[in-house]
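> Task: produce atomic coordinates for the following.
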Amino acid sequence: MPHQIVEYSSNLESRISISDLIETLHRTAAGIDAFPLGGLRTRAARREHYRIADGHPDNQFVHLTWKLGHGRPEALRREAGEHMFRVLCEFLEPVSASSPLAISFEIQEIHPVLTFKKNNLRDYMARREAR
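Numbers count the residues shown, from 1 in each chain. Next comes the predicted model:
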């Protein structure tokens with residue numbers, strides 16, 4: 001873990017590369033020791049229908065959600081979250097410097113019992129690395 005989910009207003013696509021944003025967030029999270037690469041998932045959800053603040057069509061938003069496995073200390077979550085939020089804001093700085101943009105980030109801890117997973121990604125990663 002974590003799962004990183006980026007929601008963004010569709011009007012942002014003309015201003016940034018969503019692929020570059022995903023790559024930047026994925027690479028940054030992969031560099032945090034507490035988050036093993038095999039559990040990392042980064043994805044984006046374009047929001048076509050939205051209303052932001054006063055409804056002006058220039059208004060844009062980006063919301064990052066992290067879903068983390070249960071049990072990491074709060075201090076670690078906070079430090080990692082602050083780092084990720086800085087990276088997100090730096091990436092979006094060219095947009096926020098010239099247009100209305102709301103940036104937000106939330107960390108959610110996944111319930112320790114009420115989560116279900118099946119994953120063979122680590123096996124495939126190990127095989128690819130062995131080649």
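> quick one, helices of this protein?
Secondary structure of the chain (DSSP state H): helices located at 18-30, 74-96, 121-130.
> Select, out of these, the one closest to Glu109.
Ranking the helices of the chain by proximity to Glu109 (Cβ to Cβ) places helix 74-96 first, at 7.8 Å. The way it works is simple: take the backbone N, C-alpha and C, and place the C-beta from them, glycine included.
> What residues sit buried inside the closest one?
Within helix 74-96, the residues that qualify as buried by neighbour count (16 or more other Cβ atoms under 10 Å) are Arg77, Ala80, Gly81, Met84, Val87, Leu88, Phe91, Leu92, Val95.
> From the contact counts, what lies against that helix?
Using 3 or more Cβ pairs under 8 Å, 6 or more residues apart in numbering; DSSP states H and E as the contact criterion, the elements in contact with helix 74-96 are helix 18-30, strand 60-68, strand 101-109.
> now the ones you listed in CSV, with mean pLDDT and distance to Tyr8?
CSV is the format used below for those (pLDDT from 0 to 100; distance: least, Cβ to Cβ, whole Å):
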stretch, mean pLDDT, distance to Tyr8
helix 18-30, 97, 7
strand 60-68, 97, 5
strand 101-109, 97, 10
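> No further queries at this time; thank you.
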